[in-house]
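**Q** sequence isn't available, so here's the structure alone:
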């Protein structure tokens with residue numbers, strides 16, 4: 001099992017060669033790298049893309065590393081249909097990291113005047129984005145000043161100067177809470193943002209759960225061995241993976257803000273300009289000849305990568321409200337489908353309220369019976385159409401904590417109304433409800449291979465855009 005980004009890319013080249021595309025000609029960091037990924041998706045492909053020559057930069061750029069569940073399965077060395085179970089096993093069996101005296105990420109150290117964020121690929125993705133370039137694949141490490149625990153989480157960075165970057169933090173999430181604790185006592189928050197991650201690091205950083213669980217430990221559980229870490233050179237209270245490609249070390253001062261955005265987010269829409277805290281970069285450390293990693297915002301990798309962590313968290317939350325919950329699917333931005341076997345008709349609403357309060361990124365919850373496949377939106381829409389009386393089965397919860405990334409939200413702080421739909425069949429309906437069925441014995445007797453030729457699902461065209469491939 002590989003242990004860093006370079007090792008994983010080598011695994012893909014060896015074991016899934018069609019999943020990695022090399023682009024040798026020079027590309028512009030302004031729209032062209034993003035457009036390449038978008039065009040591949042339109043052609044029903046979602047490979048890793050390695051841009052060997054990016055104009056104005058001497059680093060190769062890799063994008064869409066985690067753009068399929070098949071590649072995440074390769075990273076964790078499991079079958080795709082075992083991916084959720086494998087992820088849960090890693091979360092349930094965390095392993096503390098091991099501190100090393102030094103590592104490849106310290107092969108090159110630039111401090112003070114030598115720090116230059118302009119040395120990175122200056123990536124601009126969408127027509128209506130801010131003219132400043134962005135870093136989208138940075139995993140930020142920060143330590144809670146009260147508990148001493150380290151938090152890892154993904155955050156976008158807008159480059160605002162040679163050693164300055166706007167650091168967007170979602171309100172209500174762990175990093176923002178840590179920042180508020182530092183700000184309350186007038187103290188800068190030390191941070192380290194590492195770029196160039198093995199998919200297990202990414203999945204661990206996207207762990208959603210109690211604040212007493214450290215994401216470094218989850219990464220160890222996913223790797224099934226301790227992650228090797230080193231202390232930062234200017235922020236020795238923080239640790240980063242020893243084999244990361246690049247690290248930005250610095251502080252976020254209290255009270256300092258900068259205008260950040262617009263930026264095209266996972267919703268497919270651009271946020272407006274926001275007032276955002278500022279990261280002062282004091283050092284950049286890296287491996288020799290580092291590979292710069294990128295996530296094209298709002299496209300397949302951005303949507304696939306958070307699925308395992310978020311759905312695991314939502315399943316646990318939903319089952320705490322009703323043990324009959326069987327499946328949870330985040331099928332669209334801010335939207336969750338739940339399949340359950342209810343023991344009383346009040347359970348779906350308990351699940352709805354639990355999930356609406358569980359995460360800023362949950363705005364709509366639809367609960368259906370266990371027989372409905374929540375991976376099939378048509379079946380869910382059928383349940384809504386046939387089982388819902390709006391005055392009885394739809395609830396609206398006003399003034400809840402949401403996200404300003406929601407383009408329908410009028411509030412700058414993300415306060416929003418949320419909605420739940422109980423699309424389950426009543427346990428004791430007021431008039432008979434009988435589903436159409438064909439006798440099972442007759443269904444079992446029909447052999448489709450004698451009637452029609454089955455599609456060759458092994459072909460690249462059949463599997464290319466399927467994120468589970």
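**A** All right, it came through fine. As the structure is a prediction and not an experimental result, all values here were calculated from the model. Numbering: from 1, shown residues only.

**Q** how's this protein carved up into domains?
**A** 5-304, 328-435 (automatic domain parsing).

**Q** could those domains be laid out in TSV, adding mean pLDDT and distance to residue 321?
**A** Every residue, glycine included, has its C-beta placed from N, CA and C. Listed next are these as TSV, based on pLDDT from 0 to 100; distance: least, C-beta to C-beta, whole Å:
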stretch	mean pLDDT	distance to residue 321
domain 5-304	92	16
domain 328-435	91	4
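
**Q** please identify the deepest-packed of these.
**A** Highest mean neighbour count of these: domain 5-304, a mean of 19 (counted as mean count of other C-beta atoms under 10 Å).

**Q** who wins for proximity to residue 311 among the domains of the chain?
**A** domain 328-435 (5.3 Å; C-beta to C-beta).

**Q** any idea how far that closest one is from the middle of the chain?
**A** Relative to its parent chain, domain 328-435 has a centroid offset of 22 Å by C-alpha atoms, centre = their mean, to the nearest Å.

**Q** for stretch 230-246, same thing?
**A** Its chain's average C-alpha position is 22 Å from that of stretch 230-246, according to C-alpha atoms, centre = their mean.

**Q** span of that stretch from start to end?
**A** End-to-end span of stretch 230-246 (C-alpha to C-alpha, to the nearest Å): 13 Å.

**Q** what do you get for stretch 398-408?
**A** End-to-end span of stretch 398-408 (C-alpha to C-alpha): 14 Å.

**Q** paired strands for the strand ranked longest in the chain, with orientation please.
**A** The residue-count maximum for a strand in the chain (DSSP state E) belongs to strand 274-286. As defined by DSSP bridges, the strand partners of strand 274-286 come to strand 108-111 (antiparallel), strand 164-167 (antiparallel), strand 246-252 (antiparallel), strand 257-260 (antiparallel).

**Q** in a markdown table, list the ones you listed along with distance to residue 199.
**A** Formatted as a markdown table, the strands paired with strand 274-286 follow (distance: least, C-beta to C-beta, whole Å):
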| stretch | distance to residue 199 |
| --- | --- |
| strand 108-111 | 25 |
| strand 164-167 | 24 |
| strand 246-252 | 17 |
| strand 257-260 | 28 |
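
**Q** any idea which of the ones you listed gets closest to residue 38?
**A** Nearest to residue 38 among the strands paired with strand 274-286 is strand 257-260 (23.4 Å), distances taken as C-beta to C-beta.

**Q** tell me which residues are up against the closest one.
**A** Residues outside strand 257-260 that contact it (C-beta atoms under 8 Å, 6 or more residues apart in numbering): 130, 158, 160, 164, 166, 168, 273, 274, 275, 276, 277, 278.

**Q** the helices in this structure, which residues?
**A** 5-15, 32-42, 69-76, 83-92, 174-184, 199-205, 215-223, 300-304, 307-321, 347-356, 377-387, 390-393, 440-445, 460-463 (DSSP state H).

**Q** save those helices as CSV, and put in distance to residue 364 too.
**A** Output for the helices of the chain, formatted as CSV (distance: least, C-beta to C-beta, whole Å):
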stretch, distance to residue 364
helix 5-15, 35
helix 32-42, 25
helix 69-76, 23
helix 83-92, 22
helix 174-184, 23
helix 199-205, 25
helix 215-223, 28
helix 300-304, 16
helix 307-321, 13
helix 347-356, 9
helix 377-387, 11
helix 390-393, 14
helix 440-445, 34
helix 460-463, 30
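
**Q** of all these, which one is nearest residue 111?
**A** Proximity to residue 111 (C-beta to C-beta) singles out helix 174-184 among the helices of the chain, at 22.5 Å.

**Q** quick check: angle from the closest one to helix 215-223?
**A** Angle of helix 174-184 versus helix 215-223, following axes from the mean of the first three to the mean of the last three C-alpha atoms, to 10 degrees, is 160 degrees.

**Q** show me what helix 174-184 is packed up against.
**A** Contacting helix 174-184 under the criterion 3 or more C-beta pairs under 8 Å, 6 or more residues apart in numbering; DSSP states H and E are the following elements: strand 139-143, strand 150-154, strand 189-195.

**Q** nearest to residue 22, out of these?
**A** Closest among the helices and strands packed on helix 174-184, using C-beta to C-beta: strand 189-195, at 20.3 Å.

**Q** give me the contacts around that closest one.
**A** Residues from elsewhere that reach strand 189-195 (C-beta under 8 Å, 6+ apart): 105, 135, 137-143, 155, 157, 167, 178-179, 182-183, 232, 235, 237-241, 244-252, 254, 279, 292-293.

**Q** what about 7 Å?
**A** Strand 189-195 is contacted by residues 135, 137-142, 157, 178-179, 182, 232, 235, 237-238, 240-241, 244-252, 279, 292-293 when judged by C-beta atoms under 7 Å, 6 or more residues apart in numbering.

**Q** picking that back up, mind checking which of the helices of the chain is nearest residue 419?
**A** Among the helices of the chain, the nearest to residue 419 by C-beta to C-beta is helix 347-356 (8.2 Å).

**Q** and that closest one with helix 307-321, angle?
**A** Interaxial angle of helix 347-356 relative to helix 307-321 (the same axes, to 10 degrees): 130 degrees.

**Q** can you list contacts of helix 347-356?
**A** For helix 347-356, contacts defined as C-beta under 7 Å, 6+ apart pick out 314, 317-318, 320-322, 324-325, 336, 338, 340, 342, 362, 365, 367, 395, 397, 400, 418, 420, 422, 424.

**Q** follow-up on the earlier one: so can I have CSV of the domains of the chain showing distance to residue 442?
**A** As requested, those are exported to CSV (distance: least, C-beta to C-beta, whole Å):
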stretch, distance to residue 442
domain 5-304, 28
domain 328-435, 16
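
**Q** what's the pLDDT at the residue sitting nearest the centre point of the chain?
**A** Residue closest to the mean C-alpha point of the chain, counted by C-alpha atoms, centre = their mean, is residue 306 at 2.7 Å. For residue 306, the pLDDT comes out at 77.

**Q** and it, how far from residue 65?
**A** 14 Å (C-beta to C-beta, to the nearest Å).

**Q** quick one, phi psi at the residue nearest to the centre of the chain?
**A** phi -80, psi -10 (degrees, to the nearest 10).

**Q** hmm, residue 206 and it touching each other?
**A** Yes - using C-beta atoms under 7 Å, residue 306 is in contact with residue 206, at 5.2 Å.

**Q** thinking again about what came up before, which among the domains of the chain is found nearest to residue 445?
**A** Among the domains of the chain, domain 328-435 comes nearest to residue 445, with 20.8 Å by C-beta to C-beta.

**Q** end-to-end on that closest one?
**A** So domain 328-435: terminal residues 23 Å apart, C-alpha to C-alpha.

**Q** stretch 424-443 too?
**A** So stretch 424-443: terminal residues 26 Å apart, C-alpha to C-alpha.

**Q** so which residues make contact with that stretch?
**A** Contacts for stretch 424-443 (C-beta under 7 Å, 6+ apart): 342, 345, 348, 367, 368, 369, 387.

**Q** how distant is it from the center of its chain?
**A** So, by C-alpha atoms, centre = their mean, the centroid of stretch 424-443 is 38 Å from its chain's centroid.

**Q** before we move on, what about stretch 62-75?
**A** 12 Å.

**Q** just the terminal-to-terminal distance for that stretch.
**A** End-to-end distance for stretch 62-75: 16 Å, by C-alpha to C-alpha.

**Q** swap in stretch 428-441?
**A** Using C-alpha to C-alpha, one end of stretch 428-441 lies 28 Å from the other.

**Q** thanks a lot, catch you later.
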